[in-house]
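In: Attaching a predicted model along with its sequence, questions to come.
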Amino acid sequence: MDHLSLLFLIICLMSVLHCSTAPTHPDCGPAGRCYTVNSHFGSFRQTRCVPCKRRRFD
């Protein structure tokens, strides 16, 4: 393999891994949309909640 195709393969694999480890946004609950941050860095975990955007029908 030449260097260009090897670089392209590495970039593709990294993008696939990044997409698979991206945080998923669960359904909206009473506290908003909550997800866990820092889940890949050991035992420290923090839950972050974001208010849901409400659709306005004007």
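Out: Arrived safely. What you see is a predicted model; the values in this text were computed from it and never measured.
In: residue ranges with poor pLDDT in this protein?
Out: By pLDDT under 70, the weakly predicted segments of the chain are 1, 16-27, 38-45, 54-58.
In: what ranges do the helices span in it?
Out: Along the chain, counting by DSSP state H, helices occupy 3-21.
In: Any idea how many residues pack against the residue nearest to C52 when sequence neighbours are not counted?
Out: The shortest distance from C52 to any non-neighbouring residue, by CB to CB, 6 or more residues apart in numbering, is to C28 (4.0 Å). C-betas here are computed from N, CA, C, even on glycine. Neighbour count of C28, defined by other CB atoms under 10 Å: 14.
In: same check, this time on C34
Out: When neighbours are defined as other CB under 10 Å, C34 has 15 of them.
In: so it sits right up against Q46, yeah?
Out: No. Look at C34 against Q46 with CB atoms under 8 Å: they stay out of range, at 10.8 Å.
In: measure L4 to I10 for me?
Out: According to CB to CB, to the nearest Å, L4 stands 11 Å off from I10.
In: can you check R33 too?
Out: For R33, the distance to I10 - CB to CB - is 33 Å.
In: When the two are compared, which one has more neighbours?
Out: Between R33 and I10, counting by other CB under 10 Å, R33 is the more crowded of the two (15 against 10).
In: beta partners for that one?
Out: Counting by DSSP bridges, R33 is bridged to V50.
In: Thanks a lot, catch you later.
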